[in-house]
Structure formats: C-alpha cells, structure tokens
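Asker: Sequence below, structure please.
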Amino acid sequence: MMARREISTPNRFDVTFLTSETEASQLRGDGTNARVYANPQAAIASAYDWRMTGHAEKLVQCFFIGNLHTSQNLASLKFIVREIMPIVLDQGLDIHVHVVGEYDARAIEAASGCNRVTMHGFISDLSEVVQRCSIALLPIAEGTGVKTKILDAMAMGIPVITNGLGVEGLSVVHERDLLIAETAREIADQIFRLNLDSVLGERLSEQAKSYVARNHDPTLLRERFREHVFTALEVGRARLTYSSPGAVSR
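Answerer: Numbering: from 1, shown residues only. The predicted model follows:
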C-alpha cells in the first residue's frame, strides 16, 4: 500500500522533489511523471585536501564519525570493533580506529577491551583526525536516507569503505568513487587492499572529490532548486487558469 501510494504521489502535485536522483529516476518511471526532480543534500567542499602520504605499511589508521548517542552509530561502532578489527588483526595488519562524535558510557562499553580505538568526542575541525588516517571506515548498520558522513568524507578526499546501506540514495560506483563491501571479512579485505595499493587510494580520493563537486555543490543545487520552483509556479498557474470558470486568456 505504501509503495502504491508513493508511486501515485506525483499525480497529485505540480512538481515533486526528492533528495536522491536515483529515487527520482525510479519515480519518473517511463516518463509519465516527468516533473519529478532531485535536489540532493549539499556537501560543502572541504578546505582540507587529504593526501595519502606517510602512512605505515603495517599500521592502518581509520576514522569513523557519528553521534554515538544514537543506536545506529553505536551499532556501527560495535560492528567495527567486535567484527572487523579482529579479522584485520588476525591477518597480521595492525589497525587503529579514531572515533569522532559525541559519546557516552554506551560507546565506551562498545569499545571496551580494545586499546586500538581512540574516542575523540565532538571536534570542530575533522582535519585534525583525518590527516592521521588513510581510510574513512563507515559501515552503516541501520537507518534510511542519504548519509551525510559519507559525503563529508568524500568531500575531503579520504578513501571511503562503506556498505550498500551507506550509499543508499547516491549514484556512486564501487571501485570508482569508493569501496562497497557488506560482511566484516569483505570489509577487512578492502582495508588490506587500500593499505597495499596507494594508487587505488589516490584514484578513489580524486574521484570522490569530483563526485561531490558534480552532484552536491551548494551553489549548483541552489540554482537548480530555484529553476524547479519556478517550473512549479508556471505549471500551477497554467493549471489554475485552465480550470477556473470563466477564465479569460490574455
């Protein structure tokens, strides 16, 4: 019932906006719902430009960002600490995870027993942490919508490893813009890959920044939104004029 309701929604409005181009394309379908537009989340280009330099071969440093007062980010932290990190360590690669975001006793408990996690709390300048790291390790355990943390990391140029849920609503491509893996072992394999292949890291870095600039630049999105609003006004005006009794065209 919800799916049918969503599909029929554009028929009730002059213009329909979504935050995802992927979902907008699905809702347009065969073109019947032509006035369905995407106005994605904006991601401000970072003044910090990450570069893959000076990282130790036997130690990979990653960062995770999220408000750890929320269940979804706590679940992601537990997944990293309890499932991903042991696999990486068992295969002979040392790993340290820097966690950025407000936290409480639950997050401390989630990371208890692991001395390879640093809880930074909230910080205003992410570059302080990102410059130490070679990977943005951002698996998403639950939640819907476009994940701002993915866009923020891509805007800085740090290579991102996430899962399918992490790229929901984005038109990114695995191996081009970031790396997508689902299970703990698959994610660990991608960590190994990035740690050994600096060329891959540099390519992902450049492509990630390019993707954000093309699709999430605030100035571009603002102008696009203005155009869509004016389209809505014109369509609505034409509809009202046509349907008004005794309307006289001028």
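Asker: just the helices in this structure please.
Answerer: Under the criterion DSSP state H, the chain carries helices at the ranges 2-8, 21-28, 71-79, 85-90, 105-110, 127-130, 148-156, 184-196, 198-215, 218-243.
Asker: Could you export the ones you listed as a markdown table, including mean pLDDT?
Answerer: Supplementary listing: those in a markdown table, determined by pLDDT from 0 to 100:
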| stretch | mean pLDDT |
| --- | --- |
| helix 2-8 | 82 |
| helix 21-28 | 82 |
| helix 71-79 | 94 |
| helix 85-90 | 96 |
| helix 105-110 | 93 |
| helix 127-130 | 86 |
| helix 148-156 | 91 |
| helix 184-196 | 95 |
| helix 198-215 | 93 |
| helix 218-243 | 84 |
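Asker: And the protein, what are its domain boundaries?
Answerer: Structural domains of the chain, as assigned by automatic domain parsing, span the residue ranges 1-39, 59-215.
Asker: Can you tell me which of the ones you listed is nearest to Tyr242?
Answerer: Of all the domains of the chain, domain 1-39 sits nearest to Tyr242, with 12.4 Å by Cβ to Cβ. Backbone N, C-alpha and C define where each C-beta goes, glycine included.
Asker: Could you tell me how many residues sit around Glu6?
Answerer: Using other Cβ atoms under 10 Å, Glu6 is surrounded by 12 other residues.
Asker: My error: substitute Arg237 in the last question.
Answerer: The number of residues near Arg237, taken as other Cβ under 10 Å, comes to 11.
Asker: Send over stretch 127-144 as PDB, restricted to the C-alpha atoms.
Answerer: Output in PDB follows, covering the C-alpha atoms of stretch 127-144 (Å, rounded to 0.1, in the frame of the first residue of the first chain):
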ATOM      1  CA  SER A 127      41.200  17.500   9.500                       C
ATOM      2  CA  GLU A 128      42.900  17.100  12.900                       C
ATOM      3  CA  VAL A 129      41.900  13.400  12.800                       C
ATOM      4  CA  VAL A 130      41.700  12.800   9.000                       C
ATOM      5  CA  GLN A 131      45.300  13.800   8.400                       C
ATOM      6  CA  ARG A 132      46.400  10.800  10.600                       C
ATOM      7  CA  CYS A 133      44.200   8.300   8.700                       C
ATOM      8  CA  SER A 134      44.300   6.500   5.400                       C
ATOM      9  CA  ILE A 135      40.700   5.200   5.300                       C
ATOM     10  CA  ALA A 136      37.200   6.500   6.300                       C
ATOM     11  CA  LEU A 137      35.700   3.300   7.700                       C
ATOM     12  CA  LEU A 138      32.000   4.000   7.600                       C
ATOM     13  CA  PRO A 139      29.800   0.900   7.500                       C
ATOM     14  CA  ILE A 140      26.200   1.800   8.300                       C
ATOM     15  CA  ALA A 141      24.300  -0.700  10.500                       C
ATOM     16  CA  GLU A 142      20.800   0.800  10.100                       C
ATOM     17  CA  GLY A 143      18.900   4.000   9.100                       C
ATOM     18  CA  THR A 144      17.500   5.500   5.900                       C
END
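Asker: buried ones in that stretch?
Answerer: Val129, Val130, Cys133, Ser134, Ile135, Ala136, Leu137, Leu138, Pro139, Ile140, Ala141, Gly143 (16 or more other Cβ atoms under 10 Å).
Asker: how far away is Phe63 from Ala42?
Answerer: Using Cβ to Cβ, to the nearest Å, one obtains 22 Å as the distance from Phe63 to Ala42.
Asker: go on, Val172?
Answerer: When Cβ to Cβ is the yardstick, Val172 and Ala42 sit 16 Å from each other.
Asker: got it, and Gln61?
Answerer: 29 Å.
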